[in-house]
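**Q** Okay, structure incoming, though there's no sequence with it:
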């Protein structure tokens, strides 16, 4: 998945997710392009002094570059996947079980009324399931194009996470259907496009 796809939406969602975080928290951040936008927003808040004393636990190799300069980052061990720029597998699963985080943030490849939150591969799904168990509060950040789609493997039901943050591109009827199914959804307005 290209990082530039739906970049405006993902940036807005990431910024809104970063606003959920307070100084002194321990976070789990999943790998993925929308979570990367969250990490960039957190690094800005840390750098500018609006946030301090964060600890971030992650399986993403990319997030280390973004955040390690500004806060403590713990990278899970495990099998390195160069394509996804993350780690996974039994070692990562063992590691994530040992931590308790105040908040955990996840991306999703699809969000389905029937299936809940889904991803394309089973090892990511398993790691997400375990991170959800070890978190005090959980949030899925996904752009509106992911809703009403299916993917290979489920990692959580719609009611298993505390908050879903998406962009204003979602049709009202779709939003209403997901809320009726038990999802707590925050819709982020999109910034105006800059004319060049």
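**A** It's in. This one's a predicted model, so the numbers in the text were calculated from it and none came from an experiment. Numbering: from 1, shown residues only.

**Q** Residue 90: how many residues sit nearby?
**A** 12 (other Cβ atoms under 10 Å). For the C-beta atoms, the positions are set from N, CA and C on the backbone; glycine is no exception.

**Q** which residues touch the spatially closest residue to it that is not a sequence neighbour?
**A** Nearest residue to residue 90 in three dimensions, chain neighbours excluded: residue 78, at 7.4 Å (Cβ to Cβ, 6 or more residues apart in numbering). Shown in contact with residue 78 (Cβ atoms under 8 Å, 6 or more residues apart in numbering): 59, 87, 88, 89, 90, 91, 92, 93, 95.

**Q** Do you have the strands of the chain handy? List them.
**A** Along the chain, the segments classed as strands by DSSP state E run 26-29, 55-58, 72-75, 79-81, 86-88, 101-106, 110-112, 116-119, 135-141, 153-156, 163-167, 185-188.

**Q** Okay, now the sheet partners of the last one, with direction.
**A** Spelled out, it's strand 185-188. strand 163-167 (parallel) (DSSP bridges).

**Q** Run the angle between the strand it pairs with and strand 101-106 for me.
**A** 40 degrees (axes from the mean of the first three to the mean of the last three Cα atoms, to 10 degrees).

**Q** Show me the shaky parts of the chain.
**A** 1-4, 194-196 (pLDDT under 70).

**Q** go with 90
**A** Along the chain, the parts satisfying pLDDT under 90 run over 1-6, 190-196.

**Q** which residues sit against the lengthiest helix in it?
**A** The longest helix of the chain (DSSP state H) is helix 33-47. Applying Cβ under 8 Å, 6+ apart, the contact partners of helix 33-47 are 1-3, 5, 10-11, 13-15, 17-18, 21, 29, 51-52, 54, 56, 60, 62-63, 66-67, 69-71, 105-107, 141-143.

**Q** one more time with 7 Å, if that's ok
**A** The contact list for helix 33-47 (Cβ atoms under 7 Å, 6 or more residues apart in numbering) reads 1, 3, 10-11, 13-15, 17-18, 21, 29, 51-52, 54, 62-63, 66-67, 70-71, 105, 107, 141-143.

**Q** Check stretch 115-132 too.
**A** Contacts to stretch 115-132, defined as Cβ under 7 Å, 6+ apart, come from residues 28, 30, 59, 88-89, 92-93, 96-97, 104, 106, 108-112, 138, 140, 150-158, 160-161.
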